[in-house]
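Enquirer: I'd like to go over a predicted model; first the sequence, then the structure.
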Amino acid sequence: MPRHTKIVATLGPASTDPHVLERMVHAGIDVVRMNFSHGKAEDHVKRAEAIRDASMRARRPVGILADLQGPKIRVGRFKEGKVTLTRDASFILDANCQEGDATRVGLDYKDLPRDVRPGDVLLLDDGLIKLDVERIFGSEIHTRVRTGGELSNNKGINRQGGGLSAPALTAKDMDDIRTAAAIGADFLAVSFPKTAADMYMARQLMRAAGGKALLIAKIERTEAVDNLAEILEASDGIMVARGDLAVEVGDAAVPALQKKMIRAARERNKLTITATQMMESMIKSPVPTRAEVSDVANAVLDGTDAVMLSAETASGNFPVEVVEAMSRVCLEAEKSAEVTLDRDVLNRVFTQIDQSIAMAAIWTAYHLKVKAIASLTQTGSTALWMSRLNGGVPIYALTPETGSRNQMTLFREVYPLLMSQTHQDRDLMLWEAEQVLLDQGVVERGDLIVLTIGEPIGSTGGTNTLKIVKVGEHPPPTQVTTLV
């Protein structure tokens, strides 16, 4: 059985070499994350070309996820590059400070003094340093160090419990959205959204720039957790961004939130990516820790569409090995995944014909123990609906659209393939679908498969036919077109 859970890998200095990138594709990455916090537009263009080239050489589809920087609130720079803060010392965050020292530091977000109140707790450097706010004086936030340590240039700031008013989309993000559209990004990850309005704005900007990317909301603010339902409605999927989220809500709350968010997304036919420190030890070690193996396996069992690697592939010493390790863990975890298909289908109400066909296909495939499902699709919607239920049957999505194929690289249990659709003959199309699966080596003659197709052929959202066939049982039609 092929791996169901997809792997997202972040591109960086350790993985930009074309040879390394191609090895990573062979090792199993499905989507490459381009972190727009680093680099210029021309850098992103070159990296996107490298990803497409590696995908073509490996003969394996790879999606591109453009990850916006968002309003990361940071301290400024220090004269010496870093300072050491000691417990109970006073320390000032000063929006007007140019170069910091052991007593004060500047802010890149000048409105922070208006956002905080005495009694607030500020968390710096992902929570490693804690500051108690004592008073606000103009542009200055006077604090007392509760938990000290080394603080260096440009480290992030969060308020415990959330509530900072910085907008989700900065001027830089708006420029980056245009770049993401220009390179044909398949997914756009929006950092720090608080409400559905943030996602609607990002979608409008992407569409206005001519992009067709699916929108992924990164859930990393307390407000986003509170507004999860509306954010899901406005998005195509979510990323469980456990780093900043843990800083705001507390690390102990994250595991339960991860399960809740994945479940809520799947119920609404949305995508999920689980991210942050999944195999962080492999930045320097050739093998993961047992805790990391359990973490990845639990995300798979939670039903996530994808697990994500960040610094492990961006700057680590073992970018290929970490992909191989994550793939092994996913495959092993999937063997013990609970199948709850009967309960899940019976608890759903279908209001669309194509969605009903999708559910009938996955139900039939599971109970008949067929070898595969072949979904002939334009946009991938039918394949997405099938993938929301754990049926244990691989779903091969056959589409003539390169963009749809690349977007389906993130769908759990879905394997996208290109197939030409240059005519309107349904029987011929279904026979061609059989041939694609045979050519790919995923079925053999005599295997039972389920096929879905829509008529009229080529129309969006028109899946209305389900057919159960034995591969090779019927002779080829008289007219055969070219398979892609």
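Expert: Looks like it arrived, so ask away. Residues are numbered from 1 along each chain as shown.
Enquirer: for the residue most central in space within the chain, what are its contacts?
Expert: A centroid search over the chain (C-alpha atoms, centre = their mean) returns residue 273, at 4.0 Å, as the residue closest to the centre. By C-beta atoms under 8 Å, 6 or more residues apart in numbering, residue 273 lies in contact with 8, 216, 237-240, 304-308, 410. (Glycine included, C-beta is placed from N, CA and C.)
Enquirer: Using TSV, lay out those residues together with neighbour count.
Expert: Rendered in TSV, the data for these read as follows (neighbours: other C-beta atoms under 10 Å):
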residue	neighbour count
8	28
216	27
237	23
238	29
239	30
240	25
304	28
305	28
306	26
307	26
308	27
410	28
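Enquirer: Residue 323 and residue 9 touch, don't they?
Expert: Yes. With contacts defined as C-beta atoms under 8 Å, residue 323 counts as touching residue 9 at a distance of 6.1 Å.
Enquirer: so who does the nearest residue to residue 68 once chain neighbours are set aside touch?
Expert: The shortest distance from residue 68 to any non-neighbouring residue, by C-beta to C-beta, 6 or more residues apart in numbering, is to residue 173 (4.6 Å). Taking C-beta under 8 Å, 6+ apart as the contact definition, residue 173 lies against 36, 68-70, 190-191, 202.
Enquirer: any idea how far residue 173 is from residue 71?
Expert: In this structure, residue 173 lies at 8 Å from residue 71, with C-beta to C-beta, to the nearest Å as the measure.
Enquirer: list residues touching both of those two?
Expert: The overlap between the contact sets of residue 173 and residue 71 (C-beta under 8 Å, 6+ apart) consists of residue 191.
Enquirer: Any stretches of the stretch 351-484 of the chain with poor pLDDT?
Expert: With pLDDT under 70 as the threshold, the stretch 351-484 of the chain has low-confidence stretches at 422, 456-461, 478-484.
Enquirer: residue ranges for the helices of it, please.
Expert: Under the criterion DSSP state H, counting those that start in this stretch, the stretch 351-484 of the chain carries helices at the ranges 353-368, 381-387, 402-407, 426-440.
Enquirer: Residue 174 and residue 48, how far apart?
Expert: Distance from residue 174 to residue 48, by C-beta to C-beta: 19 Å.
Enquirer: Which one's more surrounded, these two?
Expert: For the pair residue 174 and residue 48, the greater number of neighbours falls to residue 48 (21 against 14), based on other C-beta atoms under 10 Å.
Enquirer: Can you flag the buried ones in the contacts of residue 173?
Expert: Among those, those classed as buried by neighbour count (16 or more other C-beta atoms under 10 Å) are 36, 68, 70, 190-191, 202.
Enquirer: where's residue 117 relative to residue 135, distance?
Expert: From residue 117 over to residue 135 (counting by C-beta to C-beta), the distance is 10 Å.
Enquirer: Check residue 156 too.
Expert: Remark: distance between residue 156 and residue 135 (C-beta to C-beta) = 23 Å.
Enquirer: For these two, work out which one has more neighbours and name it.
Expert: The neighbour comparison of residue 156 against residue 135 (other C-beta under 10 Å) goes to residue 156, with 17 against 10.
Enquirer: The more buried one contacts residue 72, doesn't it?
Expert: Yes. Judged on C-beta under 8 Å, residue 156 makes contact with residue 72 at a distance of 5.7 Å.
Enquirer: Could you list the low-confidence segments of the stretch 1-150 of the chain?
Expert: Within the stretch 1-150 of the chain, the stretches with pLDDT under 70 are 1.
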